[in-house]
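*Asks:* okay, structure incoming, though there's no sequence with it:
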């Protein structure tokens with residue numbers, strides 16, 4: 001009976017007014033909590049998709065709720081798996097699909113930072129999701145958790161981290177804040193790459209590309225090489 005009430009409410013478009021918006025957001029929080037408890041499937045009579053279609057901000061609100069859950073580093077295996085299924089389910093959504101409307105950058109960026117910083121998820125999976133987020137949004141965003149994760153992951157996964165950073169640096173322009181406010185973590189990855197004979201060439205190219213795009217703070221990393229920053 002209660003689930004029937006939730007299903008009907010999920011199909012009801014969000015009304016105007018702060019009170020109605022607050023009620024709609026709390027409905028989403030309840031639905032997500034029920035889903036994480038294993039009592040509601042993603043394709044269960046399209047309840048979650050109906051809620052996502054009910055308001056332009058519903059997807060971001062659910063992502064924000066999930067980000068608070070993911071912030072808890074001690075996720076149970078069942079909760080972790082539910083979150084991974086939700087993330088994959090949303091990334092495969094297209095407008096007018098059974099997975100709700102296509103995810104927008106704000107929804108993806110609301111969740112990707114907490115996801116990559118939680119050790120409950122495999123490192124390789126987190127790197128893959130960062131790659132997908134970059135492809136879908138054109139940016140890694142500014143979340144400090146993303147860059148600190150990359151700096152830590154570079155210890156054992158230097159190649160994949162540098163490859164991701166190489167793709168990321170091509171999206172930058174001189175006005176991007178991330179290279180400045182996350183400089184220490186980015187520098188740590190680049191120094192590791194420059195110190196590795198296997199990855200040195202790729203790391204040099206990243207520095208060259210960043211410098212060419214106006215992020216000159218990384219140019220001194222090549223001071224001991226014959227490379228001169230320039231177009232690439």
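*Replies:* Alright, I've got the coordinates. Treat the numbers as computed from the prediction; the structure is a model and nothing was measured.
*Asks:* wasn't residue 139 part of a strand?
*Replies:* No: assessed by DSSP: H, G, I helix; E, B strand; the rest coil, residue 139 does not belong to a strand; its assignment is coil.
*Asks:* who touches the longest helix along the chain?
*Replies:* Longest helix in the chain by number of residues (criterion: DSSP state H): helix 18-36. Here helix 18-36 makes contact (C-beta atoms under 8 Å, 6 or more residues apart in numbering) with 6, 9-10, 14-15, 40-42, 47-48, 51, 54-55, 58, 61-62, 65-66, 69, 79, 82-83, 86. (Glycine included, C-beta is placed from N, CA and C.)
*Asks:* do that again at 6 Å, thanks
*Replies:* Under the contact criterion C-beta atoms under 6 Å, 6 or more residues apart in numbering, helix 18-36 has outside partners 9, 14, 40, 51, 61-62, 65, 79, 82.
*Asks:* farthest-apart pair in these, please.
*Replies:* 14 and 79 (27.1 Å; C-beta to C-beta).
*Asks:* got the domain ranges for this structure?
*Replies:* Following automatic domain parsing, the chain resolves into domains at 1-121, 126-232.
*Asks:* just for the chain, where's the confidence low?
*Replies:* By pLDDT under 70, the low-scoring segments of the chain are 1-9, 11, 15-20, 44-45, 224-232.
*Asks:* show me where it has helices.
*Replies:* Using DSSP H, helices in the chain cover 2-10, 18-36, 47-53, 58-71, 77-91, 105-117, 123-137, 144-153, 158-169, 178-181, 183-194, 200-212.
*Asks:* neighbouring contacts of the shortest one?
*Replies:* To tie it back to what came earlier, the one meant is helix 178-181. 142, 215.
*Asks:* same check, this time on the fourth one
*Replies:* Contacts to helix 58-71, defined as C-beta under 6 Å, 6+ apart, come from residues 25, 28-29, 32, 51-52, 106-107, 110-111, 114-115, 118.
*Asks:* just give me the closest of those to residue 124.
*Replies:* The nearest one, if we look at these relative to residue 124 and count by C-beta to C-beta, is residue 115, at 13.2 Å.
*Asks:* distance of the closest one relative to residue 175?
*Replies:* Distance of residue 115 to residue 175, given as C-beta to C-beta, to the nearest Å: 27 Å.
*Asks:* those two: who's more crowded?
*Replies:* Neighbours per residue, other C-beta atoms under 10 Å: of residue 115 and residue 175, the larger number sits with residue 115, 24 against 7.
*Asks:* contacting residues for that one?
*Replies:* By C-beta under 6 Å, 6+ apart, the neighbours of residue 115 are residue 70.
*Asks:* change it to 7 Å
*Replies:* By C-beta atoms under 7 Å, 6 or more residues apart in numbering, the residues touching residue 115 are 70, 87, 121, 126, 129.
*Asks:* equivalent analysis for residue 93, please.
*Replies:* 99-103.
*Asks:* for it, which non-adjacent residue is closest in space?
*Replies:* residue 99 (3.6 Å; C-beta to C-beta, 6 or more residues apart in numbering).
*Asks:* then residue 167?
*Replies:* residue 134 (6.2 Å).
*Asks:* residues of stretch 189-202 that come out buried?
*Replies:* By neighbour count with 16 or more other C-beta atoms under 10 Å, stretch 189-202 contains the buried residues 189-190, 192-194, 196, 199, 202.
*Asks:* likewise stretch 141-150?
*Replies:* Buried residues in stretch 141-150 (16+ other C-beta under 10 Å): 141-143, 145-150.
*Asks:* hmm, back to that, shouldn't the residue nearest to residue 93 be in contact with residue 49?
*Replies:* Yes: the criterion here is C-beta atoms under 7 Å, and residue 99 meets it with residue 49 at 6.1 Å.
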